[in-house]
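Enquirer: What follows is a predicted protein model with its sequence.
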Amino acid sequence: MLQIVIISPSVRKGRKSHRVAKYLSNFLEETNLAKPEIIDLLHYNFPLFHERLVYHDSPSPEMKEFSEKIKSADGVIIISPEYNGGYPASLKNAIDLLTGEWLRKPVAFVPVSDGIFAGSQVIISLQFTLWKLGAITVPGPLRIPNIITAFDESGIPSDKPAMDKRASAMIGELLSYIEAKKRM
Ligand SMILES: Cc1cc2nc3c(=O)[nH]c(=O)nc-3n(C[C@H](O)[C@H](O)[C@H](O)COP(=O)(O)O)c2cc1C
């Protein structure tokens, strides 16, 4: 079965975007489309970046685990709240740790905000960073506006049929890029 990693980057007290990570993980399990795994950056608690993992003399077990999980994943979904028009520092801190792990990795985006614009500006910087690293950036992000009312704490959407339809479209696109990558 395909392995899909879901990166949940918010380390903020009272964070909301983690709800979407829970939802997508449940959705992938329910639909049997892939085996999901959430990478919660709050759990990893990486120190502020000072060098890429390959140049560390003794990388921490958490860094090695993060690298292994990205390396072995068939595809990655990045949930990203919008902070002042960009993505959170915690996410950049983690992305920059890795190099070759991102190469030709299909990556789909889920921008999140508590307003009506669904973190749309996040895509610009996030997609560019992943493109620089040689990832296969998948079009058709799942944009999540109004996060506070769109999902409850456990990741259940207020309108599940509508959210499932939109999630299906994003995941379908990711799966088609994973298939294309396998044929390369
Ligand atoms: C530092 C900071 C900056 C923010 N900037 C924006 C922004 O530029 N655009 C926007 O739509 N929402 C912005 N927000 C609101 C976030 O979209 C909202 O708080 C969301 O829940 C953040 O995700 P999180 O709760 O998982 O951390 C900002 C929030 C924070 C904490």
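Expert: Nice, thanks for sending it over. Numbers count the residues shown, from 1 in each chain.
Enquirer: hmm, stretch 16-31 in reach of the ligand?
Expert: Yes. Counting by CB under 6 Å from any ligand atom, the ligand has neighbours in stretch 16-31: 16-17. Just so you know, the C-beta spots here come from the backbone N, C-alpha and C atoms, and that holds for glycine as well.
Enquirer: outside of that stretch, which residues touch it?
Expert: Outside stretch 16-31, the residues within contact range by CB atoms under 8 Å, 6 or more residues apart in numbering are 4, 6-10, 34-38, 40, 42, 77, 79-81, 110, 112, 114, 144, 147-148, 151-157, 163-164, 167-168, 171.
Enquirer: Just give me the residue right at the centre of this structure.
Expert: With the centre of the chain defined as its mean C-alpha position, the nearest residue by CA atoms, centre = their mean is Ile78, 1.3 Å away.
Enquirer: Name the nearest residue to it, ignoring sequence neighbours.
Expert: In space, and not counting its chain neighbours, Ile78 is closest to Ile7: 4.8 Å by CB to CB, 6 or more residues apart in numbering.
Enquirer: what's the single longest helix in this protein?
Expert: Ordering each helix of the chain by length in residues (DSSP state H) puts helix 160-183 first.
Enquirer: of the contacts of stretch 16-31, buried ones?
Expert: The neighbour-count criterion (16 or more other CB atoms under 10 Å) marks 4, 6-10, 34, 36, 38, 40, 77, 79-81, 110, 112, 114, 144, 147, 151, 155, 157, 163, 167, 171 among the contacts of stretch 16-31 as buried.
Enquirer: No further queries at this time; thank you.
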